[in-house]
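Asker: Requesting a structural model of the entry that follows:
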Amino acid sequence: MDTPPMTLNCAQCARKLGDLVAQLPVNDIEETWKEVELTAQQLANGLRVRDGPEDNHTMLGKTLLPQNLTTLLSSALNGTLIPGPSRTGPVFEILRVGANLCVEHDQNRGHLLEAGFPQAVVSLLESYTDIIPEEPQMDPFPMSVAHLQVVKTAVGVLLNATLTYEPVRNRLTSLEVAKTIVRLSTALYPPAAWMRTTSNLYPPETSPTDITFDRVAESWTIRAGLSSWAGRLISELQDDVHPLFSQEVLPYIVQSLIAFTPPLLAAPPPPHFAQPSQLRTTLLNTDFDLLSESCSHLESSALDVADVRLSLARGFTFPAEHHDIPCFSAMLNFVEKGRYAPLWYVQPENGLEGMDVSKKEKAFDDCKAAVIKAVVEVSGDDRNLDLLWDDSDDARPGGEFVSRMIDWIRAFVSGGTHDNGRDDLVICATLSLGNITRGESHSTILLSQPYDIARLLSSDTLLAPSTDIKLKHGVIGLLKHLAQSSSQMPSNRAALSAAGVIQLILRSGVWDDRSDFMLDIVQVNAIGAVKHLCNNNVDNACIFILEPIEGQDPPSTGLSQLLALVKRSDTVAIKSEGTRIIVNLIRSLWTNERRDELSNEEELQARQQKRVKAMDALLTPACAEALAALIGRSAKHLILINEGVVASSLLSMHRDGGALVLNALTAPLPVEVTPSSAGSAPVSTTASTTSETMDSPIVLSPTGTSNKIPSPSVRHALDQLIISLKSESTPAEVRTNICAFLGQISKRGTGEELQRLKDATRPILEELVSVHGHSMLGSAAKRVLDMWTSE
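Answerer: Residues are numbered from 1 along each chain as shown. Presented below is the predicted three-dimensional model:
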């Protein structure tokens, strides 16, 4: 008579399982499988003890036990997708043995992998996935407790085998098990489904009289535990190299977001869960864990997987992309309408403590932030522009997405106070609109009725000095995109100017001396907006230079703020792009302006007086030195050298400008502060590192700050001009402008500095005449030499 399994130790149980494996080919009967079940149960229970006198785990891992477990699992299925009624018990206990054998034991994880046991478990889970509907369901998939235990334990096997063990993790990743786990766990535990139904937890053949509350509670307990283990397994499988999810899992991931969004969120609980209980608390916690995991997966997938970004945008227009589940709309709805679970605040009997609720509120807000990042990433993909911007709807110019983003901004502004709590919507809306606003036509739509976005963005609610820097980042970034279209669309610039955008940016305090880690990129965006608005526009140039900034003590102007920022900043983009504002101011004021036929003589005279006053304000050593520094630091950016040369040349045309420009050219350049001595915080790594999207060549260093001092050979701006003039790689147009600049400054400059300039450049000019003859460059060089000869 066989020894009862319950009297055997671990080694004896393992040997008996080997004997039963040998018997199966000739004795595959129910009694044999019952022996397998009882023996595996005894062994699994014994392996739960890890600190006993004998190291059973290491000893058994070296035997044929791993191979026998794989064989038993395969034999139990006997060609079926999932185990039959008489096989669920044996399969459950076999899985328990495998799970307990590899707990915190890398050697046994390796032995099981070599035996193919994790792979066999994946096949089992895939078989269960094949019997559930492909589309996500609102209600849980009916399944008996026996099968739920099998599925949960199978997930547990993979979790135990994967923890900290890379070979198994790599193998499971190659088998794409994450998709299987997400589909299966979502079908068996749809988020918050317990709030809606308890009637279809069991297969249809189950008698209603058998579905007592105890059985309902048992089913939900197993399903919640399975969901928790599935979440942990997916977290273990994640790494920074290989994306875990493709776009196919999006309909399953967004189910958690839908569960935390009305109307589902507001539904009353069913009778079984009307009162607080430990089980209800467990289910509430499970729902929230699923939400946290889903939001994290959406954020990382939108950041790392281009096809996910494209699929989300495509599904916004074509719902069939995701089985008619509007995934991107669900994300937007969650961001806008998602709420804390009402049951968190019910006085518990065995439920949540006050501290737990506070932590959940903070974590919930983090979930929204993650989804917002995902939305912004989707809008920032160039391929999604035509999907998110729709010109076919005359009632909503730009389409549904654009209209909704505008509505978020308008709702915040109409609230009239920054404390209304939804600045996250404005951050999402402004960053997203900035991403999809490309070119003049898009800007014109936003700046025109019914949106009139310039008025919205010019609200003190959005850009008060006390406004959070993240909100300023979104608003000013969008303003920069809108301003970029102003040079080609006067109506766009007029709308932004009429809304007082320049004044609002100056009052916002973004150019103040602060240490916020995001401030650099916000300052660069503010510079970009002002730069475009002051380009070829006398009125805006005069406002920037002359108009006192409200609320400033001591009083200041835009020009004084800018010069202070450029001087103290350690960031090359801020220094160079800020100086480009000065370039545009000089161009606007020194260039002859077309007379406005609608203006009377008195208005024209007043305007000219203001213009002259603004020109005088630019005739300072600080402005001339800023232009010289732009030339001196821009060896790799010839367009900036050219802009500095042209602006300096215009400045020197004024009777008081020649000496200022000449002194700045020949004065020592300031030593750029290195990051180690600056002590400034770096730019956010999530922000774009290019200082301008369309027309600026400046690129920030990875830390956002200058990491070079001027070359020893470039101690003065004049040195850089000489280098550029000599170099054949410098475009002829730039070299020609340098020659014209030398001629212009010679008309106004005097003294030793002028002679030094002549002595340094004469040999180069003579060589240019010799080499380039009567070309544009050669002729320009000759004109300078002739001027010097005739003096």
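
Asker: Which pLDDT value belongs to M59?
Answerer: What the model reports as pLDDT for M59 is 94.

Asker: Tell me how far it lies from L101.
Answerer: As judged by Cβ to Cβ, to the nearest Å, M59 and L101 stand 11 Å apart. C-beta coordinates here come from the backbone N, C-alpha and C atoms, glycine included.

Asker: Repeat that for N200.
Answerer: 36 Å.

Asker: One more: I82?
Answerer: 23 Å.

Asker: who has more neighbours, N200 and L101?
Answerer: Neighbours per residue (other Cβ atoms under 10 Å) separate N200 from L101, with L101 holding more: 28 against 15.

Asker: what's the neighbour count on the residue nearest to the more buried one when sequence neighbours are not counted?
Answerer: Sequence neighbours aside, N108 is the residue nearest to L101 in space, at 5.2 Å (criterion: Cβ to Cβ, 6 or more residues apart in numbering). By other Cβ under 10 Å, the residues close to N108 number 25.

Asker: List the residues that contact N108.
Answerer: Going by Cβ atoms under 8 Å, 6 or more residues apart in numbering, N108 touches 57-58, 60-61, 66, 101-102.

Asker: And the closest residue to S508 other than its chain neighbours, how far from V475?
Answerer: Of all residues not flanking S508 in the chain, L463 sits nearest, at 4.2 Å (Cβ to Cβ, 6+ apart). Applying Cβ to Cβ, the value for L463 to V475 is 6 Å.

Asker: Neighbour count: the two, which is higher?
Answerer: Legend: neighbour count by other Cβ under 10 Å for L463 and V475, higher for V475 (30 against 23).

Asker: Quick check: the more buried one touching T461?
Answerer: No. Between V475 and T461 there is no contact under Cβ atoms under 8 Å: 10.1 Å.

Asker: returning to what we had before: pull out the buried residues from whichever helix or strand the residue nearest to L101 is part of.
Answerer: Assessed by DSSP states H and E, N108 sits inside helix 106-115. Burial within helix 106-115, assessed by neighbour count using 16 or more other Cβ atoms under 10 Å, is assigned to 108-113, 115.

Asker: Redo the residues you listed as CSV? Include distance to I543.
Answerer: Formatted as CSV, the buried residues of helix 106-115 follow (distance: Cβ to Cβ, whole Å):
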residue, distance to I543
N108, 75
R109, 70
G110, 72
H111, 77
L112, 74
L113, 71
A115, 78
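
Asker: Can you lay out the residues you listed as TSV showing pLDDT and distance to M405?
Answerer: What follows is those, written out as TSV (pLDDT from 0 to 100; distance: Cβ to Cβ, whole Å):
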residue	pLDDT	distance to M405
N108	96	54
R109	97	49
G110	97	52
H111	97	55
L112	97	51
L113	97	49
A115	96	55
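
Asker: tell me which of those residues is nearest to G399?
Answerer: L113 (50.8 Å; Cβ to Cβ).

Asker: Make a ChimeraX selection of the buried ones in the contacts of N108.
Answerer: Of those, the buried ones go into a single ChimeraX selection, burial set by 16+ other Cβ under 10 Å:
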select :57,60,61,66,101,102
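
Asker: right, and the pair among the contacts of N108 with maximum separation?
Answerer: Across those (Cβ to Cβ), the longest gap, 12.6 Å, separates T58 and P66.

Asker: Quick check: buried residues in stretch 615-632?
Answerer: Those would be 615, 617-619, 622-632, for stretch 615-632 by 16+ other Cβ under 10 Å.

Asker: Now do it, average pLDDT.
Answerer: Stretch 615-632 comes out at a mean pLDDT of 95.

Asker: Quick one: distance of it to the chain centre.
Answerer: The chain centroid and the centroid of stretch 615-632 are separated by 38 Å, computed with Cα atoms, centre = their mean, to the nearest Å.

Asker: How about stretch 126-139?
Answerer: 32 Å.

Asker: and that stretch, how far apart are its ends?
Answerer: 20 Å (Cα to Cα, to the nearest Å).

Asker: residues touching V426, list them.
Answerer: 408-409, 412, 462, 471, 474-475.

Asker: Is it located within a strand, as I assumed?
Answerer: No. V426 is assigned helix when assessed by DSSP: H, G, I helix; E, B strand; the rest coil, not a strand.

Asker: how near is the closest residue to it other than its chain neighbours to K179?
Answerer: Among residues not flanking V426 along the chain, F412 sits closest, at 4.9 Å (Cβ to Cβ, 6+ apart). With the distance defined as Cβ to Cβ, F412 ends up 38 Å from K179.

Asker: now F213
Answerer: Distance, F213 to K179, by Cβ to Cβ: 35 Å.
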